[in-house]
Each structure stands twice: as structure tokens, then as C-alpha cells.
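A.B. asks: here are the coordinates; sequence isn't available:
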């Protein structure tokens, strides 16, 4: 990742629908250079895809919640089965498999508090591997729409085995 790659990422995150010609013009480079760099970023897995950001309010899902889940037993098969189950539910927005006291944090978008209650009771809490469920209502959700490229980490100093 160099300065040009970083600039391309910034521009594409600002507006992923711009044409290659528009992107090249914004960056002051040749369209052929721009196209090759974008292709390279995609091939290297830096750019994973382009997505439309949907307003949950506009599609009738204005209530968001985070559902913390603890499983029993804590075995790979149970974790993978529950993960696959919950990610397939239409209310699910994101699934985080985490360490610590909980095994999952599930972000959902629902119509209202009744829909949230029904979702938790009918789909999450009754799953056979659930040990505990806690739900937190989200008052406000602010999501960054761009990811900044961080500078490389400074080299770590190796300690010699000699005593001073």
C-alpha cells in the first residue's frame, strides 16, 4: 500500500459509484493507471466489494439492538452451527464471534420492541445451545463509512540475551 493506493481507497469509500475516469481525474492520474491500481487492490483482497448502504428506517427496521449470547457447550460445532443459524435470519445485521464472557454479539434491526422480543424469544433464546441471552437496545448507531489505512507498525526492538 502506497500513497496512491491509500488515496484510491479514500475516494472509492467516499463514492464507490464513480467511474474509473472520474476517479482518475480526482486523483490526477491516467485512467489506465487508475484502473490497474484498482484491479490490483481487488486482486490483493484489499477491496472486497462494493455495497449499497441501506437506511434501516426507510425499510421499516428503525429499532436496533445488540444481543449478547453465551452457548453451552462451548465446542466448535455448536459455535459454527449457531453462527450459521443466526446469520441466516432476516433481522440479523451483523454477527460477532467474540472472546470473554459471551460467545456472540448479534446486531439486529427490527420494526419495534415487540418484534425484538419475539425475535429473541422465538429465534435466539430457544436455540438448543443457548446458555444465556442479554439484549441491549441501541439508542444511536454511528458507523464509519470509511476505513483509514494505518501507517506500518514501528519495528520492535529485539532484546539481546546478554546481561548488562
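C.D. replies: Structure received. Nothing here was measured: the structure is a model prediction, and the numbers come from that model. Numbering: from 1, shown residues only.

A.B. asks: Can you tell me the centre-most residue of the protein?
C.D. replies: When CA atoms, centre = their mean is applied to the chain, the residue found nearest the centroid is residue 94 (6.9 Å).

A.B. asks: secondary structure element for the spatially closest residue to that residue that is not a sequence neighbour?
C.D. replies: Leaving aside its chain neighbours, residue 94 sits nearest to residue 107 (4.1 Å; criterion: CB to CB, 6 or more residues apart in numbering). (C-beta placed from N, C-alpha, C; glycine too.) Under the assignment given by DSSP states H and E, the secondary-structure element containing residue 107 is strand 104-110.

A.B. asks: Over to residue 150?
C.D. replies: Secondary-structure assignment from DSSP H and E places residue 150 in no helical or strand segment.

A.B. asks: mind checking how far it is from residue 143?
C.D. replies: Per CB to CB, to the nearest Å, residue 150 is found 19 Å from residue 143.

A.B. asks: just residue 1 next, same as before
C.D. replies: Per CB to CB, residue 1 is found 23 Å from residue 143.
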